[in-house]
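Novice: Provided below are the primary sequence and the corresponding predicted coordinates.
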Amino acid sequence: MIISMAVLLVPILIAVGVWQYLSSDRQVTVVDAKPAITQARQADRFPVAAPRRLGPDWKVTSAETTDQRGTVTLRLGYVTPSGGFAQIVESNGDAAKLLSDAVPKHARPAGSQHIGGADWARYTGDKNNQVLALLQPDRTILVVGQTNDDEMRTLAGSLH
């Protein structure tokens, strides 16, 4: 009987332990966004809008600038205060291509929002996926996220 119980309990205890490990909070690797922002500004293809006045609970987890034949793209990834994910994509590349790459397949236009003195187009999808898009003649700025509306607006509004 003890062996039977052990045979049943050991896999359950292992499963619970693995689940606890996988669902536990982990340290987020934070990176410095300044080198990527500086690189995008030095390319001088568009006026780069960098985030300002985000609190310490916004964690930059990725920062990259690419330059492909004059098309410069700055990407900054964040873990938001609520634990969601958001990314700023800023580029002088083809706006339609950027939007098609960023907007989830089943997303739909959801009007516009006035944020930081500009009108941003809004797209929403399932599982809280959303995109805010600011289309300007010399650049496109996207805020792509899987987080709540307030955090999306905060991130978009921080760009100066």
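Specialist: All right, it came through fine.
Novice: For Arg52, give me its contacts.
Specialist: Residues in contact with Arg52, defined by C-beta atoms under 8 Å, 6 or more residues apart in numbering, are Ser158, Leu159, His160. Yep, even glycine has a C-beta here, placed from its N, CA and C like the rest.
Novice: what about Ile37, how many neighbours?
Specialist: 19 (other C-beta atoms under 10 Å).
Novice: got it, and Thr38?
Specialist: With other C-beta under 10 Å as criterion, Thr38 counts 13.
Novice: so what's the backbone phi/psi at it?
Specialist: With angles defined as degrees, to the nearest 10, Thr38 sits at phi -60, psi -40.
Novice: again, but for Ala63
Specialist: Dihedral angles (degrees, to the nearest 10) for Ala63: phi -150, psi 120.
Novice: how about it, what does it touch?
Specialist: Val31, Asp32, Ala33, Pro35, Ala36, Ile37, Arg75, Leu76, Gly77.
Novice: Just the buried residues of these.
Specialist: Val31, Ala33, Ala36, Ile37, Arg75, Leu76, Gly77 (16 or more other C-beta atoms under 10 Å).
Novice: Which residue comes closest to the third one once chain neighbours are left out?
Specialist: Closest residue to Ala36 in three dimensions, ignoring its sequence neighbours and counting by C-beta to C-beta, 6 or more residues apart in numbering: Ala63, at 3.8 Å.
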